[in-house]
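*Asks:* Make a model of this:
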Amino acid sequence: MLDAEMLRQRLLEALPGSEVELRDTTGTGDHFEARIVSPAFAGRTMVEQHQLVYAPLQAWLKTGELHALALKTYSPEQWKKLGPR
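*Replies:* Sure thing, here's the model as predicted:
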């Protein structure tokens, strides 16, 4: 079973300088929701941003340990435009 911190650490290693928030949506350790703000996303399409997130998680996706991951990805500029939350 995965936990949010395991995914968070893997994503921070792959996307240094990012802000990563994860939530286990079912409590079963295989369905998560993520909000990621990363400088690596600047100038990239949403599909490219999501590919950057999924790449370091491929092993878990292939084994089924990670079944679902809902993503909200933003560059720092995109996040800043959304304003305070």
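*Asks:* Any regions of the chain where pLDDT drops low?
*Replies:* Residue ranges of the chain with pLDDT under 70: 84-85.
*Asks:* Could you pull out the helices in it for me?
*Replies:* 4-14, 46-54, 58-63, 76-82 (DSSP state H).
*Asks:* So which of those is nearest Pro39?
*Replies:* helix 76-82 (5.9 Å; CB to CB). All C-beta spots, glycine's among them, are computed from the backbone N, C-alpha and C.
*Asks:* Could you list every helix and strand that that closest one packs against?
*Replies:* strand 31-37 (3 or more CB pairs under 8 Å, 6 or more residues apart in numbering; DSSP states H and E).
*Asks:* Which strands border the strand it packs on, and is each parallel or antiparallel?
*Replies:* According to DSSP bridges, strand 31-37 forms sheet pairs with strand 19-24 (antiparallel), strand 68-74 (parallel).
*Asks:* Reformat those strands as TSV; add distance to Gln49.
*Replies:* Output for the strands paired with strand 31-37, formatted as TSV (distance: least, CB to CB, whole Å):
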stretch	distance to Gln49
strand 19-24	13
strand 68-74	4
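*Asks:* Make a markdown table from these and add mean neighbour count and distance to Leu2 to it.
*Replies:* Shown next, in a markdown table, are those (neighbours: other CB atoms under 10 Å; distance: least, CB to CB, whole Å):
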| stretch | mean neighbour count | distance to Leu2 |
| --- | --- | --- |
| strand 19-24 | 15 | 8 |
| strand 68-74 | 16 | 10 |
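*Asks:* picking up where we left off before, nearest to Arg23, out of the helices of the chain?
*Replies:* Of all the helices of the chain, helix 4-14 comes closest under CB to CB, at 6.5 Å.
*Asks:* ok, the residue nearest to Met1 when sequence neighbours are not counted to Glu5 distance?
*Replies:* Using CB to CB, 6 or more residues apart in numbering and skipping the chain neighbours, the partner closest in space to Met1 is Gly29 (3.5 Å). The gap separating Gly29 from Glu5 is 11 Å, by CB to CB, to the nearest Å.
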